[in-house]
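Visitor: Sequence and computational prediction follow.
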Amino acid sequence: MARLVANIPVIRAGLPPIIIPMEKRQLYLEILAKYHLARGTIQAGDEFFGNPDEIQPLLVGAMV
């Protein structure tokens, strides 16, 4: 249910829903945890994605 709710703004923006295949889910959660540790808790009004140069090191070793 949470993934459905999280996809509502994505779909409203005209983008396809975010789907994480089961075989990549653990990797996704690990990258998400690294991002959370690097950026801290996102507050209302914060820039969500930040600088791409900050995100790239989190993806090292990830097969996207």
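Guide: Cool, the structure landed.

Visitor: Please state the offset of the helix or strand hosting Tyr35 from the chain centre?
Guide: Following DSSP states H and E, one finds Tyr35 within helix 25-39. Here the centre of helix 25-39 is set off from its chain's centre by 8 Å, with C-alpha atoms, centre = their mean, to the nearest Å.

Visitor: Check which helices and strands that helix is in contact with.
Guide: Helices and strands touching helix 25-39, by 3 or more C-beta pairs under 8 Å, 6 or more residues apart in numbering; DSSP states H and E, are helix 52-55. The way it works is simple: take the backbone N, C-alpha and C, and place the C-beta from them, glycine included.

Visitor: buried set for the helix holding Tyr35?
Guide: Residues of helix 25-39 classed as buried by neighbour count (16 or more other C-beta atoms under 10 Å): 27, 31, 34-35, 39.

Visitor: where in this protein is pLDDT low?
Guide: 47-52, 54-55, 58-64 (pLDDT under 70).

Visitor: picking up where we left off before, okay, the buried residues of helix 25-39 in a markdown table with distance to Asn7 next?
Guide: Shown next, in a markdown table, are these (distance: C-beta to C-beta, whole Å):
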| residue | distance to Asn7 |
| --- | --- |
| Leu27 | 19 |
| Ile31 | 18 |
| Lys34 | 22 |
| Tyr35 | 18 |
| Arg39 | 21 |
